[in-house]
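Novice: quick one, structure for this:
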Amino acid sequence: MKSKRATINDVARQAGVSKATVSAVLNDMASVKGSTRERVLAAIEVLNYRPAQTVRRDGARKLKSIGLLIKEIDNPYYAEVVLGARAFATENGYTLLVASSEGDYDAERRAVELLQAMDVDGLIATPVLDTHADLSHFFELKRRNFPFVFLEEVRGVPASVVDVDNVEASRRAVEYLIGQGHTRIVHFAGPSYSMHTQERVNGVRRACSGSRLIFTDHDVIEAGAHLDDGYRAGLAFFQGCPPEERPTAVTCYNDLVAIGLWRALSQLGLRVPEDVSLIGYDDVPLLQYLPVALTTVRVPKFRMAQIATQMLIRHIESKTVVPPQKVFLDAELVVRGSTRTLARLPDEAILPAVLPPANEPA
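Specialist: This next block holds a predicted model:
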């Protein structure tokens, strides 16, 4: 016979306080003494208690649901994430609700609060990590023992994470270009609100540090995450770049930036890959419809979302506390027609790029 989920009465008995005191702690009221608050929070953790946000007055059975908070509604990357999460959620009797922050911290906070008010059972999130993001809403979720899983690691927040090793994947892409003889490489970087932006820049630096190439801050071009970001940044950079200083290869934060940059290069009379080799990131489905197929880093988006949903449901349905788990999947460099070989560097100029094996939960 299955044990019942802990109630507020169980927490009160465990902590030796009244239901009103537990409620006061959950609502962060200042009237509760520090020692009492600590006892209540300890009881909540031990019992894996999670308060409901709403009470059904009509007696209807509560539907099981999961929230998915993404950052860019127009990015096809997230379409595969949504499909992967929905597939696993549906198989397990959960409805998936999707919201987008559009990279805005306040919009993210409001979305988290709304999803909680709708009484979802748990949350999968790609968090906004710009300089204005204090992440207090995620710390509040932890305080209330509300289950959530990140699709991007957040330092300082103890939570389960599913992602790829962006540093190693980015390094692999650049080392491929170096191995093809490219010595002038720049990187079109992503938005400030994503930790992936800095991780992918770090991968470029790591690849260059293992070769004879010099890579500086001037070789990092601020772009963004959208088609227009790549297009505008591409026009601005390549219009002002003398032919003798022009890079022969560019790696991009994602495929959309690469496609936007490609349009800018074409407008300026530069050809891909004859004049500039181009590498994207993500491997979104629309790449197969380009006139020349884009070389890119393939992220297992569908699988990542499935694993994150599996983790989340495990947290939701467990009667005991489930420790945070971190899973980093393999990202594969897919070589297509947008890159070409120049004169190769000697083998000793390059260090081998090896990604760690996939680490998936059983």
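Novice: for the closest residue to Pro158 other than its chain neighbours, give me phi and psi.
Specialist: Counting by C-beta to C-beta, 6 or more residues apart in numbering, the nearest residue to Pro158 once its immediate chain neighbours are dropped is Pro324, at 5.3 Å. (Each C-beta comes from the backbone N, C-alpha and C, glycine too.) When quoted as degrees, to the nearest 10, the phi and psi of Pro324 stand at phi -60, psi 140.
Novice: isn't Pro324 right next to Val162, touching?
Specialist: No. Contact criterion C-beta atoms under 8 Å: Pro324 and Val162 do not qualify, at 11.4 Å.
Novice: the more surrounded of these two?
Specialist: Val162 (28 against 14; other C-beta atoms under 10 Å).
Novice: about what we covered before: so what's the residue nearest to Pro158 scoring on pLDDT?
Specialist: Pro324 is assigned a pLDDT of 92 by the prediction.
Novice: check contacts around it.
Specialist: Going by C-beta atoms under 8 Å, 6 or more residues apart in numbering, Pro324 touches 158-161.
Novice: rerun that using 10 Å as the cut-off
Specialist: 149-150, 157-161, 311, 315 (C-beta atoms under 10 Å, 6 or more residues apart in numbering).
Novice: on that earlier part again, what is in contact with Pro324 and Val162 at once?
Specialist: Common neighbours of Pro324 and Val162 (C-beta under 10 Å, 6+ apart) are 149-150, 311.
Novice: just among those residues, which is most surrounded?
Specialist: Val149 (28 neighbours).
Novice: pairing partners for the one helix or strand it maps to, with directions?
Specialist: Element membership for Val149, per DSSP states H and E: strand 148-150. Applying DSSP bridges to the sheet, strand 148-150 is found paired with strand 122-125 (parallel), strand 160-164 (parallel).
Novice: save those strands as a markdown table, and put in distance to Val220 and mean pLDDT too.
Specialist: Listed next are the strands paired with strand 148-150 as a markdown table, based on distance: least, C-beta to C-beta, whole Å; pLDDT from 0 to 100:
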| stretch | distance to Val220 | mean pLDDT |
| --- | --- | --- |
| strand 122-125 | 27 | 97 |
| strand 160-164 | 21 | 97 |
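Novice: looking at these, which one is packed in the most?
Specialist: Stretch with highest mean neighbour count among these: strand 122-125 (a mean of 26; mean count of other C-beta atoms under 10 Å).
Novice: report the contact partners of the residue lying closest to Lys64 once chain neighbours are set aside.
Specialist: Spatial nearest neighbour of Lys64, excluding adjacent residues (C-beta to C-beta, 6+ apart): Tyr94 at 4.6 Å. Contact analysis of Tyr94 by C-beta under 10 Å, 6+ apart lists 63-66, 85-86, 88, 120-122, 309, 312-313, 316.
Novice: and the residues you listed, which is closest to Ala6?
Specialist: The nearest member of these to Ala6, counting by C-beta to C-beta, is Ile316 at 13.5 Å.
Novice: residues contacting that closest one?
Specialist: Listed by C-beta under 10 Å, 6+ apart, the contact partners of Ile316 are 50, 64, 66, 92, 94, 120-122, 146-147, 322.
Novice: ok, Leu227 next?
Specialist: So Leu227 contacts 74-75, 255-263 (C-beta under 10 Å, 6+ apart).
Novice: if we go to 6 Å?
Specialist: By C-beta atoms under 6 Å, 6 or more residues apart in numbering, the contact set of Leu227 is 256, 259-260.
Novice: most neighbours, which of those residues?
Specialist: Busiest of the contacts of Leu227 [other C-beta under 10 Å] is Leu256, holding 29 neighbours.
Novice: is it true that that one lies in a helix?
Specialist: Yes. The assignment for Leu256 by DSSP: H, G, I helix; E, B strand; the rest coil puts it in a helix.
Novice: grab the nearest non-local neighbour of it.
Specialist: Leu227 (5.0 Å).
Novice: backbone dihedrals for the one you found, both of them.
Specialist: Taking degrees, to the nearest 10 as the convention, Leu227 sits at phi -60, psi -50.
Novice: let's see the pLDDT reported for it.
Specialist: Reported pLDDT for Leu227: 96.
Novice: same question for the one 4 residues further on.
Specialist: As summarised for this prediction, Tyr231 has a pLDDT of 98.
Novice: and what of the one 5 residues further on?
Specialist: Model confidence at Ala236, given as pLDDT, is 96.
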